[in-house]
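Chemist: Please find the sequence and the predicted model below.
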Amino acid sequence: MCGIIGYTGPLDSKKILLEGLSQLEYRGYDSAGIALCMENSRIQLVRHTGKVSNLKKGCEEISQVSHCGLGHTRWATHGGVTTENTHPHKAGRVILVHNGIIENYHQLTTDFHLEGKLLSETDSEVAAWVLESLYDGNPAEAISKLVSHLKGSYSFCMMFEDHPGEIYAIRNVSPLVAAYTHSGSFVASDLTALIPYTRQYFVVPEDHILRLTSYKVHLYDLDLKEQEPEILEVNWNMDAAMKNGFPHFMLKEIHEQPDALKNTILPRLAKGLPDFTDDQIPDYVFKDCNQVQIVACGTAMHAGMAARALMEPLLRIPVTVSIASEFRYEDPLVDDKTLVIIISQSGETIDTLAALRLAKSYGSRTLSVVNVKGSTIARESDYVLYTHAGPEIAVASTKAYSVQLAALYMVCCRMALVREKYSVAEAEDFMKKLLDSIPAMEAMIEKRDMVKALVTHLINKPDAFFIGRGLDYAFSLEGALKLKEISYIHAEAYAAGELKHGTIALITQEVPVIAIATQENVFLKTISNIREVKARGAFVILLTKEGMNVEPGIADIQISIPDIGDRFTVFPIAVVLQLIAYYASVGKNLDVDQPRNLAKSVTVE
């Protein structure tokens, strides 16, 4: 959610912090600020509500060069969008920025007698004052004491006035990465802020204290014993985090999907079959389970819904999809014979991480599908499939969804093979059809102008409805989410057969209905449902396959995807649904990449 950047070294920290915050804008925020360590250890705070551009203007009068500082973009949780609530916070000798939520901040306010000291409404300032109360000149000792008082999630980055040129950090759940280079030392909530300076980094482990100086990065456990960090290397270049001529990151990332699928599938293809040897996932993981539980949030959960519709009829075992935030508070029916598949683009989604830990406590084997190497979910899972999508900057997920599906489809195929539901020839045919979906996606990207034209029928409507059956219904859920999150059009998805059980009451004259009908076994049933909404005045946009026999008058607009296997239509359909949402947002002159109230990585409950 919020963004953090810290730097200490020989360069101009103000310039680095402002550039870093610009790189982190995609995470979602409503205010921004920096703290600069100036001469004589004086700390200069600059904080503004609104965009980073406002902060940059506010920093123009700072002429003195600083070599150490912290920057932060805030997504409001405690208190409104005000300058006082904007980070960094200063509490005595302590300067602090924070991602996450401190759940017991009210109690801490009482326990540490902070009434009258607080200038903001935030839990973050409470943490800063608690740290100040515990501080006796040794920052690491004070931080170690601090965490024993906290309940909740946090990434803290801190400076201490009497330790100029040094930055300290610690995290619990909320992500932090760090790096040391010849240009100085860096810490950030996201790799995109570090890429201009280095390709080598490490993920700050939970409950470890980080100390940055101009010349070295130190890592300590809570007993203050120094640890050796695990150095990782970025496997994508800076161009992947730039628009490269596209008007928005979302459109760029829609176009990147065919390559992202190739990068996810081809390294795991051996003699035409899915092979997870390099991922170190043995076949018994897929063979010994008697049920599959898929756990995720938002778009990742919709990928799981599509995977369930594929897996359960083929594997003939129960496959359940759970929303992570619900799963963790239930008493789930999982055990040591359950394969729990965890899906998260960032690998840091807090509800999904908690669900993973709960599943492991029940003895379940866990397989995570994530995009970020070294992320917490990846490290804590028994097995991990990296999706190799590269950075996804737009808040609305596109290529992450597609590669999650591709990974899940490969898992399904491998499970069918080792459980003898597929012969080798059938598995080879499955993988061939999966690869055929890539040119089908490319074909729909080429039809973007056709999609752009149909969106004129949506942008002035308050509501839109998506209908489909089976796999098409699973696709519909994601289509509705995309439309509502970036165009702010109220959109809902319904199983087409359920229309008569209440929801058809919402169909009125000219209301847009996006109907998906790509599945041969329920095609005629879906067409009947389309007739029902059309008879009540709906404006119907039909997404189907080339060659399917659709009578004139069934739909007002029809878009056909290439004639590929029913199970694989999700990939080209995903492109169409993403483009519908994208052009609707553009048509309404909205902020496509940074929709209101949303954040890219959800690290608070």
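Modeler: Looks like it came in fine.
Chemist: domain assignment for the chain?
Modeler: The record assigns the chain these domain ranges, following automatic domain parsing: 3-234, 241-441, 447-588.
Chemist: can the ones you listed go into JSON lines with extra columns for mean pLDDT and mean neighbour count?
Modeler: For the C-beta atoms, the positions are set from N, CA and C on the backbone; glycine is no exception. Output for those, formatted as JSON lines (pLDDT from 0 to 100; neighbours: other C-beta atoms under 10 Å):
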{"stretch": "domain 3-234", "mean pLDDT": "92", "mean neighbour count": "20"}
{"stretch": "domain 241-441", "mean pLDDT": "93", "mean neighbour count": "21"}
{"stretch": "domain 447-588", "mean pLDDT": "89", "mean neighbour count": "20"}
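Chemist: With distance to P595 added, can I get the ones you listed in a markdown table?
Modeler: Below are the domains of the chain laid out as a markdown table (distance: least, C-beta to C-beta, whole Å):
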| stretch | distance to P595 |
| --- | --- |
| domain 3-234 | 8 |
| domain 241-441 | 6 |
| domain 447-588 | 5 |
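Chemist: Please name whichever of those domains is nearest to R596.
Modeler: Among the domains of the chain, the nearest to R596 by C-beta to C-beta is domain 447-588 (7.6 Å).
Chemist: Can you give me the end-to-end span of that closest one?
Modeler: 21 Å (C-alpha to C-alpha, to the nearest Å).
Chemist: Start at 680, not 1
Modeler: From this message on, residue numbering opens at 680, which makes the last subject domain 1126-1267.
Chemist: Go ahead and confirm L1032 touches I1056.
Modeler: Yes. If you go by C-beta atoms under 8 Å, L1032 and I1056 touch, sitting 5.5 Å apart.
Chemist: Find residues that contact each of these two.
Modeler: Taking C-beta atoms under 8 Å, 6 or more residues apart in numbering as the criterion, L1032 and I1056 both touch S1023.
Chemist: Could you list which residues are in contact with the nearest residue to K735 once chain neighbours are set aside?
Modeler: Once flanking residues are discounted, K735 sits nearest to L697: 5.5 Å by C-beta to C-beta, 6 or more residues apart in numbering. Neighbour list for L697: I713, V731, L734, K735, C738, G750 [criterion: C-beta under 8 Å, 6+ apart].
Chemist: Following the chain past the helix or strand containing E991, name the next helix or strand.
Modeler: Per DSSP states H and E: E991 is located in helix 977-994. Using DSSP H and E, the helix or strand that follows helix 977-994 in sequence is strand 998-1002.
Chemist: Please name every helix or strand in contact with the one helix or strand M837 maps to.
Modeler: In this structure, M837 sits in strand 831-839 according to DSSP H and E. With contacts defined as 3 or more C-beta pairs under 8 Å, 6 or more residues apart in numbering; DSSP states H and E, strand 831-839 has these neighbours: strand 682-687, strand 747-753, strand 773-781, helix 802-813, helix 818-826, strand 846-851.
Chemist: nearest to H1180, of the ones you listed?
Modeler: That would be, of the helices and strands packed on strand 831-839 and by C-beta to C-beta, strand 773-781, which comes in at 39.3 Å.
Chemist: which residue packs closest to M980, ignoring adjacent ones?
Modeler: I1002 (5.9 Å).
Chemist: same deal with D1061?
Modeler: Spatial nearest neighbour of D1061, chain neighbours left out: T1045 (4.9 Å); criterion: C-beta to C-beta, 6+ apart.
Chemist: right, and the one you found touches Y1062 too?
Modeler: Yes. Using C-beta under 8 Å, T1045 is in contact with Y1062, at 7.2 Å.
Chemist: Could you pick out the longest helix of this protein?
Modeler: Looking across the chain with DSSP state H, the single longest helix is helix 1103-1125.
Chemist: and that helix, C-alpha only, in PDB?
Modeler: Extracted as PDB, the C-alpha positions of helix 1103-1125 are listed here (Å, rounded to 0.1, in the frame of the first residue of the first chain):
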ATOM      1  CA  VAL A1103       0.900 -38.500 -22.100                       C
ATOM      2  CA  ALA A1104      -0.800 -37.800 -25.400                       C
ATOM      3  CA  GLU A1105      -3.700 -36.000 -23.700                       C
ATOM      4  CA  ALA A1106      -1.300 -33.900 -21.600                       C
ATOM      5  CA  GLU A1107       0.700 -33.000 -24.700                       C
ATOM      6  CA  ASP A1108      -2.500 -31.900 -26.400                       C
ATOM      7  CA  PHE A1109      -3.500 -29.800 -23.300                       C
ATOM      8  CA  MET A1110      -0.100 -28.000 -23.400                       C
ATOM      9  CA  LYS A1111      -0.300 -27.400 -27.100                       C
ATOM     10  CA  LYS A1112      -3.700 -25.800 -26.700                       C
ATOM     11  CA  LEU A1113      -2.400 -23.700 -23.800                       C
ATOM     12  CA  LEU A1114       0.400 -22.400 -26.100                       C
ATOM     13  CA  ASP A1115      -2.200 -21.800 -28.800                       C
ATOM     14  CA  SER A1116      -3.900 -19.300 -26.400                       C
ATOM     15  CA  ILE A1117      -0.900 -17.000 -26.800                       C
ATOM     16  CA  PRO A1118      -1.500 -16.100 -30.500                       C
ATOM     17  CA  ALA A1119      -5.200 -15.900 -29.600                       C
ATOM     18  CA  MET A1120      -4.400 -13.200 -27.000                       C
ATOM     19  CA  GLU A1121      -2.300 -11.400 -29.600                       C
ATOM     20  CA  ALA A1122      -5.200 -11.400 -32.000                       C
ATOM     21  CA  MET A1123      -7.500  -9.800 -29.500                       C
ATOM     22  CA  ILE A1124      -4.900  -7.100 -28.700                       C
ATOM     23  CA  GLU A1125      -5.000  -6.300 -32.400                       C
END
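Chemist: Now find how far off-centre it is within its chain.
Modeler: Mean-position distance between helix 1103-1125 and its chain equals 26 Å (C-alpha atoms, centre = their mean, to the nearest Å).
Chemist: I'd like to know which elements it is packed against.
Modeler: Right, helix 1103-1125 is packed against helix 936-944, strand 952-953, helix 1078-1097, strand 1236-1240, helix 1249-1266 by 3+ C-beta pairs under 8 Å, 6+ apart.
Chemist: quick one, the last one and helix 936-944 angle?
Modeler: The directions of helix 1249-1266 and helix 936-944 differ by 140 degrees, with axes from the mean of the first three to the mean of the last three C-alpha atoms, to 10 degrees as the criterion.
Chemist: swap in the longest one?
Modeler: Following the same axes, to 10 degrees, one obtains 40 degrees for the angle between helix 1078-1097 and helix 936-944.
Chemist: contacting residues for the spatially closest residue to G688 that is not a sequence neighbour?
Modeler: The spatially closest residue to G688, leaving aside those adjacent along the chain, is G863, at 1.6 Å (C-beta to C-beta, 6+ apart). With contacts defined as C-beta under 8 Å, 6+ apart, the neighbours of G863 are Y686, T687, G688, P689, L690, H746, S893.
Chemist: Could you check what's spatially nearest to S1076, not counting adjacent residues?
Modeler: That would be T978: by C-beta to C-beta, 6+ apart, it lies 4.3 Å from S1076.
Chemist: That neighbour is in contact with A1073, isn't it?
Modeler: No. At 11.6 Å, T978 and A1073 do not qualify as touching, with contact defined as C-beta under 8 Å.
Chemist: who's in contact with A867?
Modeler: Residues in contact with A867 (C-beta under 8 Å, 6+ apart) are G682, I683, I684, G685, G699, L703, L855, V856, A857, L873.
Chemist: oh sorry, the question was meant for T956
Modeler: For T956, the contact set (C-beta under 8 Å, 6+ apart) comprises A949.
Chemist: give me that answer again for 10 Å
Modeler: Residues in contact with T956 (C-beta atoms under 10 Å, 6 or more residues apart in numbering) are R947, A949, D962.
Chemist: Next, find the distance separating the second one from T765.
Modeler: From A949 across to T765, the span is 52 Å (C-beta to C-beta, to the nearest Å).
Chemist: before we move on, the earlier item: tell me the one of the contacts of G863 nearest G1069?
Modeler: Nearest to G1069 among those: Y686, at 24.6 Å, using C-beta to C-beta.
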